[in-house]
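Trainee: I'll drop the sequence and a predicted model, then ask my questions.
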Amino acid sequence: MPMGRIKLAFCVHNHQPVGNFGWVFEKASDKAYRPFLEVLRGHPEMKVVLHYSGSLLSWLEEHRPDILEEVGRAVSAGQAELLTGGFYEPILTIIPERDAVGQIERLTGYLRERFEAEPKGLWLPERVWEPELIGVLRRADVGYTLVDDNNLARAGISEEESLGRFEVRGPDGQRLDVFAINEPLRRAIPFESPEAALEHLRRLSGEDDRLVVWADDGEKLGEWPGTHDLCYRQGWLERFLRLLADNRDWVEVVTLREAVERWPARGPIELPAGSYEEMIEWSGGCWRNFLGRYPESNLMHRKMLLVSERVAEAEGGEEAYQARDRLYRGQANDAYWHGVFGGLYLLHLRVSTYRNLLAAENALGDGGFDVREADLDGDGREEVLVEHPGLNAYFHRIGGQLIELDHRAVAANVGATLARRPEPYHERLRLDDGPAYDWYPRHSLIDHFLREDASLEGFARCEYPEQGDFVNQPYDAEARVHSRGAEVVLRREGGVWVGDEFLPVTVRKEVGFSRRAPEVVVSYHIEHGADRAVRLWFACESNFVLSAGEAPGRYYRVDDADPGPALDHQGDLGEVGRLALVDEELGGSVELRFEGPTRVWAFPVRTLSQGLEGPTESYQGSSVTAHWRLSLRPGEVARISFSIVLGRAGQ
C-alpha cells in the first residue's frame, strides 16, 4: 500500500512586548531567534513562515541587526515567507478599525522596505479571532491568516477535515482565507522527540492534498525554560529538519503563500470567535472577558479609546505622527490580560502602556483646562474628568474615588495600581501564608472608618474591621468650573458603626484644581447625625505607583529626610507634615502635604501571579493612608485638608 503524503507549513511567531526589559530581548535573541536562523541556514531545502512584531523588529534594528540580515537572506533565498500583523501586536478586535488597519499597514510597509517582501498573510495577535476581522483584514489588503483548529472544531469540522485552507466571508461578501493550526502537532514540537513529531505527520497523511500547519511562539524554540538546551545543545531542531529532508518523498514543506497559489480553498464556512485552548481557559471563553474580570484592564482600554479619538481628530504633521505612534504602542496587547505570562500583573508593562498613551496626549499639545462628565469605564455611571496641562484626574462615583491621576510632565499614571484578587491557580499553590485579597479597588481618596482594634498589619492584608459604608458605595458628584480652576464635590450620606450603633455620618470631600499648578487640593467635611458626642477614627487611603518598589532611586521622602525607605516599605511612618514618593528613574514625584503633623501608614501592595517558571510575587504599588482621631460634638463638623502635588524628582 503506497504511503500517504502530507504538506507541512512551519510557522514561527516572534514577539516581545512594548516596554519589556532590554535583557529579555537580549536573552530571547541569543537563545532563540539567532540560533533558529543559524540552524535554518544549514538546511536550504527547509521553508518556513516567519512573523516578527514591530516592537521586536525595532529593537533588533538597533541592537541585533545581524539577525535581521539573516532574515533577509532567508527571504531572498526563497526559504522564508514573512507575515504581517499589527505593528505593536494589539488585539485587533478591541481597538478602533482605523487603528487596526493603520497598524497592519505600518508593518506591511516596513517589511516591504526592509526585506522587499509583499506579505499577504497575517499573524493574529494571541490568535484572537472574531468574525468582524474579515472586513478589517481585507481593508488592510490581507488575504489569509491562521486560527487554531479548535475554532474549526466548534464549527463542526474534524481534525482530518481541517487539513487545508478555508474561505470565510463577511456580511458584505468580503472573502478571507484561514489556515487551521494543528493542536496535537503544536504541543508535540519541541516537547516530544523529533521522531514522535514525524509520526504525528504520518498519522495525518493521505492521498489527497492535505496541509498541516504548525505555528507557535519562536521563544518556544530556545527561550522557554529548558528549550535552548533541548533544541540546540541536544540538537532537537537539527534532527527534526534532517528527518523532514530524509522523508521528503511523503512530507513536502511549503509556505502558506505556496498553499494559496497551489490549492483551492474549501468552504465558505462560518467561523466562531475563539483563540488557542489556553487562552479560552484563561479568559473564560472570550478574550474580551479580561476587560470585565480586571477593572484595571478595562480602565486602561477605555483610556486608550479616549486617546485614539483625540489622535484621530488631530491634523497631520510631525506631532500627529508622533501621537499616532505612541497610541499604537499603547495598544500593545500584553498589559491588558493575564494567563501563564505575567501580562497585566507586570508593573513595567502597565507603566509602559500608560506612558505611551500619555505621551500621545502630550504630543498633541496641552489641551487646555477641561472638566466634563463621561462614562469612562462603561458601567452606566458618568465619571468626572478633570484635564489640565499638568495632570488628568478622573473620579468615580463608587467610593468617590480618584481612579486615574496622570502626571503629564513625566507621562505616568501614578494611579495605575492593581488590586489583589484570587486566581484559579492560587488553589494549586502550597503556601505557608495565604495571599491577601482586596475587597475594594486600589485607587485613591478611599474613605475608611476604622475600629479601635485596627492595625497596620491587618489593614495591609485587607483583613480589618471597616466600620463605615463609604469605601465601595455611591457618592453624589458635582463639578464646578471657575476662573481660577475647578472643584469636584463628592458627597455621601452614609453611616458608621460606633459600638453597637450604626450612626448617620456625612462625608463631603471637595477636590480643587488650579489652572496653573499640577496639584490636587483635598478638603474633607465630616459630620455625624447623632445627638451625643462620638469618637471616630477616619482614614484616607491613596494608592500610588511610579515605576518600581525596591529598585535604586525609588523611595519615600519623609518631611526633609531624603532619601527615606524604599517604596516597598511597610511601616508606621509616624506623624509627618510632608510625604513624597520619589522615582529618580522616572524623574517624578508624588507629594502629600498635610496642614499639620499627620499619622501615616504605608505598605506595598503585592500580588501573587503565575509565570512560566512558577509563582511570582510582584510589587504593584504603594498604599499610603493618613488617619485622624476625631472627637465630634452634636452638629460639629470635622475639617481635614491636604494636597497632592505632582513634581519632579529632586524638587
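Mentor: That came in fine, so what should we check first?

Trainee: can you list the domains in the protein?
Mentor: 6-280, 288-365, 370-648 (automatic domain parsing).

Trainee: make TSV from those domains and add mean pLDDT to it.
Mentor: Formatted as TSV, these follow (pLDDT from 0 to 100):
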stretch	mean pLDDT
domain 6-280	95
domain 288-365	94
domain 370-648	94
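
Trainee: tabulate the ones you listed (JSON lines), appending mean neighbour count.
Mentor: C-beta here means a position set from N, CA and C on the backbone, and glycine is covered the same way. As requested, the domains of the chain are arranged in JSON lines below (neighbours: other CB atoms under 10 Å):
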{"stretch": "domain 6-280", "mean neighbour count": "19"}
{"stretch": "domain 288-365", "mean neighbour count": "20"}
{"stretch": "domain 370-648", "mean neighbour count": "18"}
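
Trainee: show me the contacts for residue 193.
Mentor: Going by CB atoms under 8 Å, 6 or more residues apart in numbering, residue 193 touches residue 236.

Trainee: distance check, it against residue 355.
Mentor: 45 Å (CB to CB, to the nearest Å).

Trainee: and residue 522, what does it touch?
Mentor: 445, 509-512, 540, 641-644.

Trainee: against residue 576, how distant is residue 549?
Mentor: According to CB to CB, residue 549 and residue 576 sit 20 Å apart.

Trainee: ok, residue 113 next?
Mentor: 56 Å.

Trainee: what's the following helix or strand after the strand ranked longest in the chain?
Mentor: With secondary structure taken from DSSP state E, the chain has its longest strand at strand 588-611. Once strand 588-611 ends, the next helix or strand along the chain (criterion: DSSP states H and E) is strand 614-632.

Trainee: now do that next one and strand 588-611, the angle between them.
Mentor: In terms of direction (axes from the mean of the first three to the mean of the last three CA atoms, to 10 degrees), strand 614-632 departs from strand 588-611 by 130 degrees.

Trainee: helix or strand right after strand 614-632?
Mentor: strand 637-648.

Trainee: that following strand - contacts with which helices or strands?
Mentor: Strand 637-648 makes packing contacts with strand 402-407, strand 519-528, strand 534-544, strand 588-611, strand 614-632 when contacts are defined by 3 or more CB pairs under 8 Å, 6 or more residues apart in numbering; DSSP states H and E.

Trainee: so which of those strands is nearest residue 91?
Mentor: strand 588-611 (19.9 Å; CB to CB).

Trainee: can you list the strands that that closest one pairs with?
Mentor: Strand 588-611 sits in its sheet next to strand 571-583 (antiparallel), strand 614-632 (antiparallel), strand 637-648 (antiparallel), going by DSSP bridges.

Trainee: just how off-centre is it within its chain?
Mentor: In terms of CA atoms, centre = their mean, to the nearest Å, the centre of strand 588-611 is found 23 Å from the chain centre.

Trainee: same check on stretch 353-362?
Mentor: Worked out by CA atoms, centre = their mean, stretch 353-362 lies 14 Å from the chain centre.

Trainee: with stretch 347-357 instead?
Mentor: 8 Å.

Trainee: what's that stretch in contact with?
Mentor: Residues outside stretch 347-357 that contact it (CB under 8 Å, 6+ apart): 17-21, 296, 300, 303-304, 307, 326-327, 329-330, 332, 334-336, 342-344, 406, 411-413, 416, 418, 545, 547-548, 618-621.

Trainee: list the ones among those residues that fall in helices.
Mentor: 296, 300, 303-304, 307, 326-327, 329-330 (DSSP state H).

Trainee: as CSV, those residues with distance to residue 428 would be great.
Mentor: Converted to CSV, these look like this (distance: CB to CB, whole Å):
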residue, distance to residue 428
296, 24
300, 28
303, 34
304, 33
307, 38
326, 39
327, 39
329, 35
330, 34
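
Trainee: determine which two of those residues are furthest apart.
Mentor: Among the ones in helices among the contacts of stretch 347-357, 296 and 326 lie farthest apart (CB to CB), at 20.4 Å.

Trainee: check which helix or strand residue 185 maps to.
Mentor: With DSSP H and E as the criterion, residue 185 is inside helix 183-188.
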